[in-house]
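K.L.:
Next input, structure requested:
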Amino acid sequence: MPKTGHADLPLHSGTVPRWLADRMMILGTQITESLIINFGRDEFLRRLSDPLWFQSFGAVLGMDWHSSGITTSVMYALKRGLNPRAHELGLVVCGGRGKYSRRTPDELLYLADKTGLEGDELVRSSRLCAKVDNTALQDGFQLYQHNFVLSIDGSWAVVQQGMNVQEKAARRYHWCSLDMAAGRNALGARDVAGGLKTAAGRDVPISPYLDSPHSGVTGENQGEILNLAHQDASKTRSTILEISKENPERIINEFRKMTDLSYRHLVMPSHEEVRSEDVNLKRLGALLATSYEAQNTDFESLLLTKQLGPRTLQSLTLVSEVIYGTPSRFTDPARFSFAHGGKDGHPFPVPLKVYDKTIEVMGECIERSKMGYDDKSECLRRLHSTALQIEKNCQPMADFDAAIERERAHSKEWGGRTVKD
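P.N.:
Residues are numbered from 1 along each chain as shown. Modelled structure (predicted):
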């Protein structure tokens, strides 16, 4: 199934300050490059299309842990960081918010002309993803952002977001092409309703986009919705196609045949502050223990970095989890805000000195890996492994209030900053 999920987020206004946006661009690009080095471009696209990983990724970059702005800011950061290095990394981010989303087809055709990829097919995929989430899935959210992330190999991921003004909420939808071929093969000789024609005139089935394409959906239950993208709705789609030429009333009746969504999903609460119930306290406890335990173990390569103390190791451990963690590790995205806080001061102001040291260490890890020296990258991986071992073999329940208080007490020392500063 190419569609992987969606997330519901409180609608927030405001802008990301330049001092944070630039750091998000650098660290976001570093994490992406590390994922490519370790696992390849396809794995990055899969991660990007996981709504829980995406939310954790945004939180570790210092954006507000739960707001709608995490989508725009993360995708803009990736576009700024990845596109200038497209020839090197083999990834390009197209589209964006508002008028920039409408430029996606032109950007894809331009890239196709430069790379030899099938431009018409890419444009069609982009438009179908938008149509499914905006029309076939009528859930009260109207799309206003569409990003199409394209690999030089022809694989892609889509991250797009809709707004519900009445509910003051946003919903983010995720797609990934990597299982598209399997989805098409599974169709076999089955008749597909709603086939399209390419510029060459050949029939192209669209069922991979309509037979339950999402691998996960995140959001609060808002009652019955119209979901013609579900696999059980294929007969409904066929019927609608037939009767659409006759009587509009019959179409409405068929639209009422609903099915529930059953995908990987994420619901972010409306409260801005991070609360203890938003975080897996055992995992947080393991994180805090790791940042001190590493001082007494053989992490020589990292520990030789100047001014690298427990607080920076805390951030690096969460960055390591974003790179090496499995999907089950991202069920509490709020925990990742303990890397670099949030621009609105929740759970604490962004510690710029810690953030910059994280960027420095990540840069060294990547550069040494390129030269064939994996010592620092291996240390980064072992930070995550150490946290897992502590979590598995101990009972490291975090004192949540004490952890927050410690961060705030040292905020000035660590260069803490918010949008109000």
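K.L.:
contacts, neighbours, all on C-alpha from now
P.N.:
Will do.
K.L.:
Might you report the residue contacts of Gln163?
P.N.:
Slight slip there: residue 163 is Met, not Gln. Contact partners of Met163, counting by C-alpha atoms under 8 Å, 6 or more residues apart in numbering, are 11, 141-144, 169-171.
K.L.:
I should have written Ile366 there, sorry.
P.N.:
Counting by C-alpha under 8 Å, 6+ apart, Ile366 touches 30, 33-34, 377.
K.L.:
Hmm, Arg97 is touching Thr72, no?
P.N.:
Yes: counting by C-alpha atoms under 8 Å, Arg97 touches Thr72, with 7.1 Å between them.
K.L.:
what touches both of the two?
P.N.:
Gln145.
K.L.:
if we can go back for a sec, and the contacts of Met163 as CSV, adding pLDDT, distance to Ile366 and secondary structure?
P.N.:
Output for the contacts of Met163, formatted as CSV (pLDDT from 0 to 100; distance: C-alpha to C-alpha, whole Å; DSSP: H, G, I helix; E, B strand; the rest coil):
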residue, pLDDT, distance to Ile366, secondary structure
Leu11, 76, 36, coil
Phe141, 88, 40, coil
Gln142, 91, 40, strand
Leu143, 93, 36, strand
Tyr144, 94, 35, strand
Ala169, 89, 38, strand
Ala170, 91, 35, strand
Arg171, 91, 34, strand
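K.L.:
Pairing partners for the helix or strand hosting Leu266, with directions?
P.N.:
Using DSSP states H and E, Leu266 sits within strand 265-267. Partners of strand 265-267 in the sheet, by DSSP bridges, are strand 3-10 (parallel).
K.L.:
mind showing which ranges of the protein have poor pLDDT?
P.N.:
For the chain, the stretches with pLDDT under 70 are 1-3, 136, 138, 179-263, 294-307.
K.L.:
Kindly report the domain assignment for it.
P.N.:
Residue ranges for the domains of the chain, per automatic domain parsing: 3-267, 276-417.
K.L.:
Let me know whether Gly90 touches Val149 as I believe.
P.N.:
No: taking contacts as C-alpha under 8 Å, Gly90 lies outside contact range of Val149: 10.5 Å.
K.L.:
more crowded one of those two?
P.N.:
Per other C-alpha atoms under 10 Å, whichever of Gly90 and Val149 has more neighbours is Val149, with 22 against 16.
K.L.:
ok, the nearest residue to the more buried one once chain neighbours are set aside - contacts?
P.N.:
Nearest non-adjacent residue to Val149, counting by C-alpha to C-alpha, 6 or more residues apart in numbering: Val93, 4.4 Å away. By C-alpha under 8 Å, 6+ apart, the contact list for Val93 reads 75, 78-79, 82-83, 147-150.
K.L.:
same thing but 7 Å
P.N.:
79, 83, 147-150 (C-alpha atoms under 7 Å, 6 or more residues apart in numbering).
K.L.:
Same question for the helix or strand containing it: list its buried residues.
P.N.:
Taking DSSP H and E as the criterion, Val93 maps to strand 91-97. Judged by neighbour count using 16 or more other C-alpha atoms under 10 Å, the buried positions of strand 91-97 are 91-97.
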